[in-house]
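S.K.: Provided below for reference: sequence and predicted model.
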Amino acid sequence: MNPIPIPVPARPFAFELQPGAVALVVIDMQRDFIEPGGFGASLGNDVSLLEAAIAPVQRLLALWRARGWPVVHTRESHAPDLSDCPPAKRLRGTPALRIGDAGPMGRLLVRGEPGCDILPAVAPWPGELVIDKPGKGAFHATALGEELFARGVTQLVVAGVTTEVCVQTTMREANDRGFDALLVEEATASYFPAFKAASIEMIVAQGGIVGWAARLDDLQAALASSVGPSGQEG
Ligand code: C5J
């Protein structure tokens, strides 16, 4: 029997969250984006702006883990030989350091290097899916779609960084693949607060042309007030 959907207050209208079919997808909470000396800093960004997402992502992880629901983490990352990094990506612009160059946390965005790791505060637990992605979107050149299908997932609750780049790209990819995707506003951050705000508006505009956006407190309250068929919290 399908569990009863949980209505989550959201924009542009309530998100009917389906227990058992909803994965939490946490995008690129990597040291290379959030800590000084990484890829984000090499592009001239104030990386401290992304710290605001850490505690909300921790809350989301706790909600999903308490229910045994699927959690997916992504890392924007490349093979050590950079064979999966198009020159157009590596050579664009005039950053202080390029992808693959050595920085204080190792080679930027290269798998296995310290900077490529997910922050310890939001690190994957054993058994959680970790997707290494060479692009901005989490579906491009990865097995994410197949992995979600195998788990019976039809809905995504999305968090992580940065809102207008990898988060929004992933939500658009998810939308095109038939997933319903909800962005949790406090659990995402950008180096450009105005871009974060604009991305959320783009997602929910036109009747949810890309998906939904919700406040974390509203999602948490909706989950706490729902009771599954077994009498347990949804
Ligand atoms: C960027 C990302 N901003 N994870 N990557 O290059 O958003």
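M.R.: Perfect, I can see it now.
S.K.: buried sites along the longest helix seen in the chain?
M.R.: Looking across the chain with DSSP state H, the single longest helix is helix 193-208. The neighbour-count check on helix 193-208 (16 or more other Cβ atoms under 10 Å) flags 196, 199, 200, 203, 204, 208 as buried. C-beta here means a position set from N, CA and C on the backbone, and glycine is covered the same way.
S.K.: closest to residue 86 among the residues you listed?
M.R.: Using Cβ to Cβ, residue 199 is the member of those that lies nearest residue 86, at 24.0 Å.
S.K.: which residues touch that closest one?
M.R.: By Cβ atoms under 8 Å, 6 or more residues apart in numbering, the contact list for residue 199 reads 163, 164, 167, 168, 190.
S.K.: which one of those residues sits closest to the ligand?
M.R.: residue 167 (6.6 Å; Cβ to the nearest ligand atom).
S.K.: ok, that closest one touching residue 183?
M.R.: Yes: the criterion here is Cβ atoms under 8 Å, and residue 167 meets it with residue 183 at 6.9 Å.
S.K.: which bits of the protein sit near the ligand?
M.R.: 28, 33, 76, 136, 161, 162, 165, 166 (Cβ under 6 Å from any ligand atom).
S.K.: which stretches of the chain form strands?
M.R.: Assigned by DSSP state E, the chain shows strands spanning 6-8, 15-17, 22-27, 71-76, 102-103, 106-107, 129-133, 155-161, 180-189, 212-214.
S.K.: now mean pLDDT too, for these, in a markdown table please.
M.R.: Formatted as a markdown table, the strands of the chain follow (pLDDT from 0 to 100):
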| stretch | mean pLDDT |
| --- | --- |
| strand 6-8 | 98 |
| strand 15-17 | 98 |
| strand 22-27 | 99 |
| strand 71-76 | 99 |
| strand 102-103 | 98 |
| strand 106-107 | 98 |
| strand 129-133 | 98 |
| strand 155-161 | 99 |
| strand 180-189 | 99 |
| strand 212-214 | 99 |
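S.K.: JSON lines for the ones you listed, including mean neighbour count?
M.R.: Putting the strands of the chain into JSON lines (neighbours: other Cβ atoms under 10 Å) gives the following:
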{"stretch": "strand 6-8", "mean neighbour count": "19"}
{"stretch": "strand 15-17", "mean neighbour count": "22"}
{"stretch": "strand 22-27", "mean neighbour count": "26"}
{"stretch": "strand 71-76", "mean neighbour count": "23"}
{"stretch": "strand 102-103", "mean neighbour count": "15"}
{"stretch": "strand 106-107", "mean neighbour count": "20"}
{"stretch": "strand 129-133", "mean neighbour count": "18"}
{"stretch": "strand 155-161", "mean neighbour count": "27"}
{"stretch": "strand 180-189", "mean neighbour count": "24"}
{"stretch": "strand 212-214", "mean neighbour count": "24"}
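S.K.: how near is residue 79 to residue 107?
M.R.: Separation of residue 79 from residue 107 (Cβ to Cβ, to the nearest Å): 11 Å.
S.K.: bridge partners for residue 76, pull those for me.
M.R.: residue 133 (DSSP bridges).
S.K.: how about the contacts made by it?
M.R.: 28, 30, 32, 33, 109, 133, 134, 135, 136, 166.
S.K.: just those residues: which are in helices?
M.R.: Members of those lying in helices (criterion: DSSP H): 32, 33.
S.K.: which residue is nearest the centroid of this protein?
M.R.: residue 27 (2.5 Å; Cα atoms, centre = their mean).
S.K.: quick one on the thing from earlier: just want the angle from the longest helix of the chain to strand 180-189.
M.R.: Interaxial angle of helix 193-208 relative to strand 180-189 (axes from the mean of the first three to the mean of the last three Cα atoms, to 10 degrees): 170 degrees.
S.K.: now the angle from helix 193-208 to strand 155-161?
M.R.: Going by the same axes, to 10 degrees, helix 193-208 makes 170 degrees with strand 155-161.
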